[in-house]
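Enquirer: Here's my sequence, what's the structure:
(2 chains)
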Amino acid sequence: MPAIVVADLVKTFRVRPAVPGRGLGRLRALLHRAPAIDAPAVRGISFAIESGERVAFIGPNGAGKSTTLKMLTGILHPTSGQVEVAGFVPWRHRRQLAHRIGIVFGQRSQLWYHLPVRSSFELLGHIYGLERARQRERLARLARIFAIDDLLDRPVAQLSLGQRLRCEITAALLHGPAVLLLDEPTIGLDVTAKAALRDHLNALSREDGTTVLLTSHDTGDIERICDRVIVIDRGRLLLDRPLERLRRDFLRRRAVVIVTEQERPALDMAGVAVVAQEPYRLTLAIDTTVTSIDQIVTGALARLTVRDLVIENPPLEEVIRAIYRGELGVNGEAEPV
Amino acid sequence: MNSRALLSYFSALVRHNLRAGLAQPGIAATSALLMFGNNLIFFLVWVIYFANFSNLRGWGLKDLALLIGICAWAFGLTVVFVGGVRHMAHSIVDGELDVHLGRPRHPLLSLLMSRSLPSGFGDLASAFVFWIWLADRGLDELPFLLLVATAAAVVLAATAALIQCLVFWLPGAVLLCEEVFNMFLMVGFYPQHPFGFTVRLVLFTVFPTAFVTLLPVEAVREADPLKALAVLGAAVFYAGLAVTVFNRGLRRYASGNRLLELR
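Expert: Next up is the predicted model:
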């Protein structure tokens, strides 16, 4: 059963253009206000997410990611379209839905800044009407998964950003939601804190089967947490596919590293560019639309004495950049880049 | 949700809000003390006035002390318990409501009770000084006084919320909302009985400071239960109106979206 179903979702803001000019001109413009115009933020997107899936919802700034996420939680009302999250229509059943979802806004906190972390959790227990025993048990488990045992009695003000985010996610999960929505969860974190947070989220997903939908600009989050990617841009869905297929379908360039017995290895084939030639080692960039990886491997084995051969995927970053650049086919279907 | 769970939620909110407000006891005590002194200094102006004039359209210094005490109590209670109302407009425009809307509760109460300003304790303490010492009211009058002044606090908090809800329709008016609220408070701290019909009509309707100070003072001076009932009625009416207008505004909430700020 799908945890999230979105059909033809549209959100249009009515805005008045900013008043241009200065001084008297600005005053005059204020008296004769410009007519309001429509500013579409989300233009008819549709997708479904099964229970237990971990999905990245990505797009450039202003693509409509956060707006969509907020419609999924009932914070914003859509202009048109249908949404069901955990069986509820968010804007009609916001309070019931809140029991079934956990939300983490990377730039907003639901912890009380000057109070110990434990106090905020205690208040959340009252907000969600949790039984004390159940709350204690749940907190003990989450504290283990997110390694926050020693942070519980410290005021939030004294935590690092990474520690605070781990506590924020724990706060969002305290009531045992089936769906976790994360908006830029690793924003501002250093490399170590990001890696730790991703590990903790994976552990949670493995243990509880929680459905995860996250927005992020960090491809590391996507690669290490998610198994499916939905890309939107200017409010439209560009593509929706499993992460592995995305890599496979979109990457025409692969890096191949060959370690050889020959001191100065060379491989001259169509669609192959030499990136680096070092003693006993050759790094190549392969255009797979010209020459397949099979042909490269066969050619290398025929012409060189190969000790090792590594085929590398280009970074996801490159794939996403290509999608944003609009290297797409008709009907939103992407073509290999 | 049953009433027991609701009460437990409400008392947890009050407890946490107060603990957060008093988390830095030194700063809390200093700001409360400063506010206490501030109120007394403000009263000095009236001491000087009444040293030169015998009365102000029938009111003496003790009546002014009663008025300032009630206003200080109403304001103190508001900022101590629902301090979030002070910067509500900013919170709305900044998208802070997102967190409250993601919870299974009405967002207004948790937004209002998300802050507590300890300076309000100075207001609350000074109210007793004004009533007992400067206005010379008896201790036996205190329960009636507290009832009327607390109802006035509800009117004040509700009106503050109503004023700040303006940003749902005019997102650029954050500063305007805060200025209008300051003006409301300022009017409340001054006697309103000398005004004529038109001004009084405004003060009893769209800008209801009359329910915060004028009517409570008259209710206590004249020991008039009907006037006290009118203040209690106004508390219920303006609280209800604030919730209704807030709910209407929520439909326009754009979650701190920059687009909305262009409206």
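
Enquirer: how about the nearest residue to residue A:108 once chain neighbours are set aside, secondary structure?
Expert: Excluding its sequence neighbours, the residue lying closest to residue A:108 (Cβ to Cβ, 6 or more residues apart in numbering or on different chains) is residue B:99, at 5.3 Å. For every residue, glycine as well, the C-beta is placed using N, CA and C. What DSSP: H, G, I helix; E, B strand; the rest coil gives for residue B:99 is helix.

Enquirer: Let's see the pLDDT reported for residue B:99.
Expert: pLDDT for residue B:99: 92.

Enquirer: And for residue A:225?
Expert: For residue A:225, the predicted pLDDT is 88.

Enquirer: and what of residue A:307?
Expert: What the model reports for residue A:307 is a pLDDT of 91.

Enquirer: Three-state assignment for it, please.
Expert: Recorded secondary structure, residue A:307: strand (three-state DSSP).

Enquirer: That one - how many residues pack around it?
Expert: Counted with other Cβ atoms under 10 Å in any protein chain shown, the neighbours of residue A:307 add up to 12.

Enquirer: Can you point out the helix or strand that includes the residue nearest to it when sequence neighbours are not counted?
Expert: Spatial nearest neighbour of residue A:307, excluding adjacent residues (Cβ to Cβ, 6+ apart): residue A:259 at 4.7 Å. Assigned by DSSP states H and E, residue A:259 falls within strand A:253-260.

Enquirer: Show me what that strand is in contact with.
Expert: Applying Cβ atoms under 8 Å, 6 or more residues apart in numbering or on different chains, the contact partners of strand A:253-260 are A:265, A:267, A:275, A:280-288, A:293, A:296, A:300, A:304-314, A:318.

Enquirer: Now for residue B:207: which residues touch it?
Expert: Shown in contact with residue B:207 (Cβ under 8 Å, 6+ apart): B:159, B:184, B:187.

Enquirer: For it, grab phi and psi.
Expert: phi -130, psi 70 (degrees, to the nearest 10).

Enquirer: following the host helix or strand of residue A:163, which helix or strand comes up?
Expert: Assigned by DSSP H and E, residue A:163 falls within helix A:161-173. As assigned by DSSP H and E, the chain's next helix or strand after helix A:161-173 is strand A:179-183.

Enquirer: Let me see the backbone angles for the closest residue to chain B within chain A.
Expert: Residue nearest to chain B within chain A (Cβ to the nearest Cβ): residue A:114, separated by 3.5 Å. Main-chain dihedrals, residue A:114, degrees, to the nearest 10: phi -90, psi 0.

Enquirer: Tell me, how many residues neighbour it?
Expert: Neighbour count for residue A:114, taken as other Cβ under 10 Å: 15.

Enquirer: Contact partners for it?
Expert: Contact partners of residue A:114, counting by Cβ under 8 Å, 6+ apart, are A:155, A:156, A:157, B:20, B:23, B:24.

Enquirer: Confirm that the fourth one sits in a strand.
Expert: Just to be clear, that refers to residue B:20. No. Residue B:20: not assigned to a strand; according to three-state DSSP it is helix.

Enquirer: count of neighbours near it?
Expert: Residues near residue B:20, counting by other Cβ under 10 Å: 22.

Enquirer: do the second one as well
Expert: Using other Cβ under 10 Å, the number of residues around residue A:156 comes to 20.

Enquirer: From what I see, it and residue A:110 are in contact.
Expert: No. Between residue A:156 and residue A:110 there is no contact under Cβ atoms under 8 Å: 10.2 Å.

Enquirer: Find residues that contact each of the two.
Expert: residue A:120.

Enquirer: Pull the contacting residues for the residue nearest to residue A:230 when sequence neighbours are not counted.
Expert: Leaving aside its sequence neighbours, residue A:230 sits nearest to residue A:240 (Cβ to Cβ, 6+ apart; 4.6 Å). Counting by Cβ under 8 Å, 6+ apart, residue A:240 touches A:47, A:228, A:229, A:230, A:231.

Enquirer: Am I right that residue A:57 is in a helix?
Expert: No. Residue A:57 is assigned strand when assessed by three-state DSSP, not a helix.

Enquirer: Do I have it right that it meets residue A:230?
Expert: Yes. Look at residue A:57 against residue A:230 with Cβ under 8 Å: they come within range, at 5.1 Å.

Enquirer: More neighbours: those two, which one.
Expert: Neighbour count, other Cβ under 10 Å: between residue A:57 and residue A:230, residue A:57 has more, with 29 against 23.

Enquirer: Show the contacting residues for that one.
Expert: If you count contacts by Cβ under 8 Å, 6+ apart, then residue A:57 has A:65, A:68, A:69, A:213, A:214, A:215, A:230, A:232 around it.

Enquirer: Restricted to helices, list those.
Expert: A:65, A:68, A:69 (DSSP state H).

Enquirer: any weak-confidence spans in chain B?
Expert: Counting by pLDDT under 70, chain B has low-confidence residues at B:1, B:256-263.

Enquirer: redo that, cut-off 80
Expert: In the predicted model, chain B carries pLDDT under 80 at residues B:1-2, B:254-263.

Enquirer: what's the distance between the residue of chain A closest to chain B and residue B:25?
Expert: Distance, residue A:114 to residue B:25, using Cβ to Cβ, to the nearest Å: 11 Å.

Enquirer: my read: residue A:262 touches residue A:279, true?
Expert: No. Counting by Cβ under 8 Å, residue A:262 stays clear of residue A:279, with 9.2 Å between them.

Enquirer: Who has more neighbours out of the two?
Expert: Of the pair residue A:262 and residue A:279, residue A:262 is the one with more neighbours under other Cβ under 10 Å, namely 16 against 9.

Enquirer: Confirm that that one sits in a helix.
Expert: No. Under three-state DSSP, residue A:262 falls outside any helix and is assigned coil.

Enquirer: any idea what the residue of the stretch 1-150 of chain B found nearest chain A is structurally, helix, strand or coil?
Expert: Going by Cβ to the nearest Cβ, chain A is nearest to residue B:23 of the stretch 1-150 of chain B, at 3.5 Å. What three-state DSSP gives for residue B:23 is coil.

Enquirer: Just read off the phi/psi values of it.
Expert: According to degrees, to the nearest 10, residue B:23 has phi -60, psi -30.

Enquirer: How confident is the prediction for the nearest residue to it once chain neighbours are set aside, by pLDDT?
Expert: Nearest non-adjacent residue to residue B:23, counting by Cβ to Cβ, 6+ apart: residue A:114, 3.5 Å away. Looking at residue A:114, its pLDDT is 93.

Enquirer: after the helix or strand containing residue B:219, next one along is what?
Expert: Counting by DSSP H and E, the element that carries residue B:219 is helix B:214-221. Note on helix B:214-221: by DSSP H and E, the next helix or strand toward the C-terminus is helix B:225-250.

Enquirer: how about the residues of the stretch 51-200 of chain B that lie near chain A?
Expert: Within the stretch 51-200 of chain B, the positions adjacent to chain A are B:95, B:96, B:97, B:98, B:99, B:101, B:102, B:103, B:104, B:105, B:110 by Cβ under 8 Å from any Cβ of the partner chain.
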